[in-house]
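Colleague: okay, sequence plus prediction incoming.
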Amino acid sequence: MSREAVLEAVCGGEAECREELANAPKEVESFLGPFSTFVPIVGELKPPLIERVENMASAEALAGDRELARLAVSRRLAELYRDKFGEWEGDFCPICGRTPVLFLVRRQQGPLFETASKTAKCVCGFSWRYRWWRCPNCGAEGRENFEVFLREGLEGVFFYRCSKCGYVHVEAYGEPDEVVQYGLRILARYVAGD
């Protein structure tokens, strides 16, 4: 899928929307700049780590906002503790506790057949392998528990709505850049009706 196709799906011809979405990763990075030297003090390596940060008040003071501080500290935790949770297989992110919306599917050529792996990609930057046909929100399993939606122009992108709880997530084949990832998360919320 191309960046242009995602920008078109999210914004249509609205130039301001396209510019804002295209600049979203830069905006996030500029906000995170002051946190590049912030060292979160984690009391216990138990998921979600964000709930174990003992100096969160300092981060909130630096950010000026609780939710922005949580995002910035979560991103920092993902950098620092990525390897500690290399075998994670849970339904929520072990760093920030969020339920994933975006899953990346990578194809690999085996000796005889092509295989694919599914990776949950959290907004905090942490990624982990995830099971096929499982709702990350309620744990419902099996193809019969999902409605699948396609958006014209978005090749290799599938939206799944759980018939048990209504949660919507998106699977994208390939390695989309950050702008595309932001756009796909926005589209998933649209499919969910949020």
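Modeller: Yes, it's here.

Colleague: when you work out contacts or count neighbours from here on, use the C-alpha atoms and nothing else.
Modeller: OK.

Colleague: for the helix or strand where E27 lies, packing partners?
Modeller: E27 is part of helix 15-32 when elements are defined by DSSP states H and E. Packing contacts for helix 15-32, counted by 3 or more CA pairs under 8 Å, 6 or more residues apart in numbering; DSSP states H and E, involve helix 3-11, helix 178-192.

Colleague: now whatever helix or strand comes next after it and helix 15-32, what's the angle there?
Modeller: Following helix 15-32 in sequence order, the next helix or strand is helix 56-63 (DSSP H and E). An angle of 130 degrees separates the directions of helix 56-63 and helix 15-32 when computed by axes from the mean of the first three to the mean of the last three CA atoms, to 10 degrees.

Colleague: and the helix holding E27, how far from the chain's centre?
Modeller: Chain-centre distance of helix 15-32: 16 Å, with CA atoms, centre = their mean, to the nearest Å.

Colleague: just the CA atoms of it, as PDB, please.
Modeller: Below are the C-alpha coordinates for helix 15-32, written out as PDB (Å, rounded to 0.1, in the frame of the first residue of the first chain):
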ATOM      1  CA  ALA A  15      -4.800  19.600   1.900                       C
ATOM      2  CA  GLU A  16      -4.600  20.600   5.500                       C
ATOM      3  CA  CYS A  17      -5.500  17.100   6.700                       C
ATOM      4  CA  ARG A  18      -2.900  15.600   4.400                       C
ATOM      5  CA  GLU A  19      -0.200  17.900   5.600                       C
ATOM      6  CA  GLU A  20      -1.100  17.300   9.300                       C
ATOM      7  CA  LEU A  21      -1.000  13.500   8.800                       C
ATOM      8  CA  ALA A  22       2.200  13.600   6.800                       C
ATOM      9  CA  ASN A  23       3.900  15.700   9.500                       C
ATOM     10  CA  ALA A  24       2.500  13.600  12.500                       C
ATOM     11  CA  PRO A  25       5.700  11.500  13.000                       C
ATOM     12  CA  LYS A  26       7.800  14.700  13.000                       C
ATOM     13  CA  GLU A  27       5.500  16.400  15.500                       C
ATOM     14  CA  VAL A  28       5.600  13.400  17.800                       C
ATOM     15  CA  GLU A  29       9.400  13.200  17.600                       C
ATOM     16  CA  SER A  30       9.800  16.900  18.300                       C
ATOM     17  CA  PHE A  31       7.600  16.500  21.400                       C
ATOM     18  CA  LEU A  32       9.700  13.400  22.500                       C
END
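
Colleague: just want the angle from it to helix 178-192.
Modeller: Using the same axes, to 10 degrees: helix 15-32 against helix 178-192 is 120 degrees.
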